[in-house]
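K.L.:
Sequence first, then the predicted structure:
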Amino acid sequence: MTMNRRDFLKVSAGTSGTLMLSLSLPGCSGMPTGYKQETGEWKPDAWLEITNNDEVHFTLARVEMGQGTYTGLTTLIAEELEVEPAAITPRFAPVAPEYRNPLYKLQLTGGSTSIATSWEPLRTAGASARQMLIMAAARVWQVDAAECSAREGRVIHPNGRESMRYGQLVELASKEVLRGDIALKPAAEWKYIGKQGGKLDAHAKSTGTAVYGIDVELPGMVYGVVSRPPRYGARIKAFNGDELRAMPGVLDVFEIERGVAIVADKYWRARKAQDALKAEWDNEDALSLSTDEVFASYRKAADKDPGESERSEGDYEAAVGEAGKVFEAEYSQPYLAHSTLEPMNATAWYRGNTIEVWAPTQAPDLGRIAAARVTNLSPSDVTINTTFLGGGFGRRLTQDYIEEAAAVAYRMKKPVKLIWSREEDTQHDLYRPAMLHRMQAGLEGNQLTGWHHQIIGPQLLDWYVRNAAPAQYPWAPKFMYDTLGKVGLLAEGIATPKDMSAIEGAIEYPYNVANIDIRHTHTDPGVPVTFWRSVGYSHNGFAVETFTDELAYETGQDPYQFRRKLLVGQPRHLEVLDRAARIAGWNTPVPEGRGRGIALFKSFGTFVAQVVEAGVENGSIKVYKVACAVDCGQVVNPRIVEDQIEGGIIFGLTAALYGEITLEDGEVQQSNFHDYQLMRQYELPEITVDVVQSSEAPTGVGEPGVPPVIPALGNALFALTGKRQRSLPLKADA
Amino acid sequence: MALSLTVNGELHSLDIEGDTPLLWVLRDELGLKGTKFGCGAGLCGACTVHLNGQPVRSCSTWAEAAVGGEVTTIEGLAEDGKLHALQNAWIAEGVPQCGYCQSGQIMSAAHLLATNPAPARDDVVAAMTGNLCRCGTYSRIIAAVESVVESSSVENSSVDSSLAYDAAVVREIS
């Protein structure tokens, strides 16, 4: 496969407008490239830096939160640069237009897009640098560059004996000009892509030396905690600040927009002072509803408004009118917390007319807006240093914790580390929204003639634009932030002018049904919501694949064969479905006391089918086995693909078995891992992940493991008990 | 208040309230950031360290409870500059995803192997059930612990040592 360097520049230009094009003109852009005599460093582009003593640094523009970018993206650049991945030192990227995610036009890591959006640009960057090094060596040796090759950080002379280190060549290479096509290596020559390799961050993460946000240490640092109102949207009315200020180590107690900040010389002293806080809240604008009222409001909205049509094929109304039988079901899903194991935290230092922030964030350019918002500074005065993330799952796309840290540091004028407790993390999350689904199907004999799906619930961009819209226009004056947020992400701004968060996965309904009607009734009860691993797919997967299962049983058909028959012209869906069924031994008898359930769901471009074998033991649901087949196109790191899919399965099972955030008078009822449980080691089922060998362009794997496992488990329990569960979490005694 | 703590073999004299959780003393007073804060209630195991050879949740252990005892953290697990066998296994198996829970996981596993060098699968699962992993690395954790158990049983077995060497090589390439 070849790619013209001009195409490369065009591809990259898509990520950042014209700035990237100026990269070939050293010194003219915000991101200096070229060779620096004083340091002996050559920066061929925004990502790579090769030094005259052979160090290779790689600027990682997609954060590492466990999903494997640290290894995966480094593998892409290593492959073409012809150095071992382990010989490259990744660095977390600063905020710069060059590092934006082209799909969102924001510097964010999410949507299982890192490999897919880096596949061409990073390999091309590696290949371009390699070619320039080869050209430099050829010039020294006075030989034809085409006769030279590169291997393990060296350019090899055509005679096969002589070689030069990259470090020796960087200065000369910087003067070479690439013309014409840059050939990428054919798959047959890959040394690292698709091969088993180690994880580059495993050593640091097995020795306690990896630095997460919570580990940042600065001279003279103090510690902050924030008490937020129990009801979202409440304001502080009064608090016993004087009393707290007299406590040991307490440096200050003050109001910030989001609550009461307490700052002390030591973390535990801040917490002790917080225990003594007596706060009175003004609940006038606060959330006051309970979870059952949320669902009641959804039902009311659904009755009143059939919703916007999101996909329509054939004539559903006519089909259902003529159908011999109409089958209906309603599904509901609760609010879910993210529960990253590293609680929200950020460290900020306001000095002079700048603020520097260290944070585990999925969206550093939104973090810059968050910090600017609460200080007298512009986004350009804000530096964001990204650390390793102790889990993300979408939670760290929202920058509320940076906003708090910046507000506290702005007042303290010294470095402040702000840490949330687990209880605060659980109760002041932005949740996967509670959702309602009304499904209807027309049946003629055992034929499915019509499919109707009404999705009822909020859209996430309504919540996300607040900082995302200004982040796309960082030069906009701050007084415009609220307007920008209200206008939303302008059409030429975010790549998806349409908010897909409620409907994704539902509108890609893959089965061959003549009459399809898919709608979204947009209603938002005001509970803060955001992206949660697999987003809209997480709830649509359950609704679509449970209802499909119901229809199979309703028409007396095997749930696997029923799906199979409906997959017309969908070879990749069919392949993973067949594979999962085969691994699970679908046609073999199910052991006594167990049920088997199947589900198939494509998300983020990746096809996943799963078969779950489950039962009920001692009054609890027991998951014995999960067989999973995945087609994510070309695999870059096999082990990371398996790990992500397996991790997604456990994440999905955790939601299916335990996940439920409830509200009572506007207050979240759960607080820590005793009442918001995560799956534990003793519950681990036997998981088999089968990855399809493919040369299609790679798609994401961080999220697609999650959606199908939830309906597959529900379907397995139905197979066992004959009782259909249409709301989550699933119950052993339903 | 002055407290003396022995951590990773070193005695430290600290000016700290005795009711400060050991976790924050390790992290903020001694700079040992490998031990993590996850829940503050002994529910997740991210803060697991050894106190006199026993695994404790340092978030729920007062610093004064550790006075006179020996505390070992993830930073003190290596001996003579060589990583603990479990750390090598964690790296070889590629266990960590986000990695945040892994110090605690390794400390729990290290205690298991110190007291039971040849645990059965059920023993491993039981010992590791107090440690949450949100990324879902559970099967890799089991594989890593069992790889250490296997290799030590090969080392300790009475078979000819050249066979033991072969077995290790076979494992590595398979």
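P.N.:
Alright, I've got the coordinates. Numbers count the residues shown, from 1 in each chain, chains lettered A, B, ... in the order given.
K.L.:
list the contacts for residue A:356?
P.N.:
A:348-349, A:382-383, A:385 (C-beta atoms under 8 Å, 6 or more residues apart in numbering or on different chains). C-beta coordinates here come from the backbone N, C-alpha and C atoms, glycine included.
K.L.:
what domains does the record give for the chain?
P.N.:
Picking chain A for this. By the assignment in automatic domain parsing, chain A contains the domains A:2-205, A:213-280+A:344-419, A:305-335+A:432-460+A:499-721, A:461-491.
K.L.:
actually it's chain B I care about, not the one you picked
P.N.:
If you go by automatic domain parsing, chain B breaks into B:2-76, B:85-173.
K.L.:
unless I'm mixing things up, residue A:281 is touching residue A:228, no?
P.N.:
No: Residue A:281 sits out of contact with residue A:228 when judged by C-beta atoms under 8 Å, with a separation of 9.6 Å.
K.L.:
is it possible to export the domains of chain B to a markdown table including distance to residue A:61, mean pLDDT and mean neighbour count?
P.N.:
Listed next are the domains of chain B as a markdown table, based on distance: least, C-beta to C-beta, whole Å; pLDDT from 0 to 100; neighbours: other C-beta atoms under 10 Å in any protein chain shown:
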| stretch | distance to residue A:61 | mean pLDDT | mean neighbour count |
| --- | --- | --- | --- |
| domain B:2-76 | 25 | 97 | 20 |
| domain B:85-173 | 18 | 84 | 20 |
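K.L.:
What's the local residue count around the residue nearest to residue A:52 when sequence neighbours are not counted?
P.N.:
Spatial nearest neighbour of residue A:52, excluding adjacent residues (C-beta to C-beta, 6 or more residues apart in numbering or on different chains): residue A:40 at 3.6 Å. Using other C-beta atoms under 10 Å in any protein chain shown, the number of residues around residue A:40 comes to 15.
K.L.:
again, but for residue A:638
P.N.:
Residue A:638 has 14 neighbouring residues, counting by other C-beta under 10 Å.
K.L.:
In strands only, show me the contacts of residue A:356.
P.N.:
Within the contacts of residue A:356, residues falling in strands by DSSP state E are A:348-349, A:382-383, A:385.
K.L.:
phi, psi of whatever residue of chain B ends up closest to chain A?
P.N.:
Proximity of chain B to chain A (C-beta to the nearest C-beta) peaks at residue B:34, 1.9 Å away. For residue B:34, the backbone dihedrals (degrees, to the nearest 10) come out as phi -70, psi -30.
K.L.:
In chain A, which residue sits closest to chain B?
P.N.:
residue A:208 (1.9 Å).
K.L.:
Enumerate every residue touching the residue nearest the centre of chain B.
P.N.:
Residue closest to the average C-alpha location in chain B (C-alpha atoms, centre = their mean): residue B:107, at 1.3 Å. Neighbouring residues of residue B:107 by C-beta under 8 Å, 6+ apart: B:48-50, B:55, B:72-74, B:77.
K.L.:
how many other residues sit next to the nearest residue to residue A:565 once chain neighbours are set aside?
P.N.:
Leaving out its chain neighbours, the residue that sits closest to residue A:565 by C-beta to C-beta, 6+ apart is residue A:557, at 7.9 Å. Residue A:557 has 15 neighbouring residues, counting by other C-beta under 10 Å.
K.L.:
Need the pLDDT of residue A:557.
P.N.:
Listed pLDDT for residue A:557 reads 98.
K.L.:
hang on, isn't it packed against residue A:446?
P.N.:
Yes: contact criterion C-beta under 8 Å: residue A:557 and residue A:446 qualify, at 6.1 Å.
K.L.:
Let me know how buried residue A:358 is, in neighbour terms.
P.N.:
26.
K.L.:
Need phi/psi at it.
P.N.:
phi -120, psi 120.
K.L.:
which of the contacts of residue A:356 count as buried?
P.N.:
A:348-349, A:382-383, A:385 (16 or more other C-beta atoms under 10 Å in any protein chain shown).
K.L.:
quick check, nearest of the residues you listed to residue A:527?
P.N.:
Nearest to residue A:527 out of the buried ones among the contacts of residue A:356 is residue A:348 (C-beta to C-beta; 27.9 Å).
K.L.:
so who does that closest one touch?
P.N.:
Residues near residue A:348 by C-beta under 8 Å, 6+ apart: A:355-358, A:371, A:402, A:405-406, A:408-410, A:415-416, A:418.
K.L.:
now what about the lengthiest helix in chain B, what contacts it?
P.N.:
Taking DSSP state H as the assignment, the helix of chain B that covers the most residues is helix B:138-156. For helix B:138-156, contacts defined as C-beta under 8 Å, 6+ apart pick out A:643, A:646, A:650, A:681, A:684, A:687, B:85-86, B:89-90, B:92-95, B:105, B:109, B:112-113, B:117-119, B:121, B:124-125, B:128, B:133, B:164, B:167-168, B:171.
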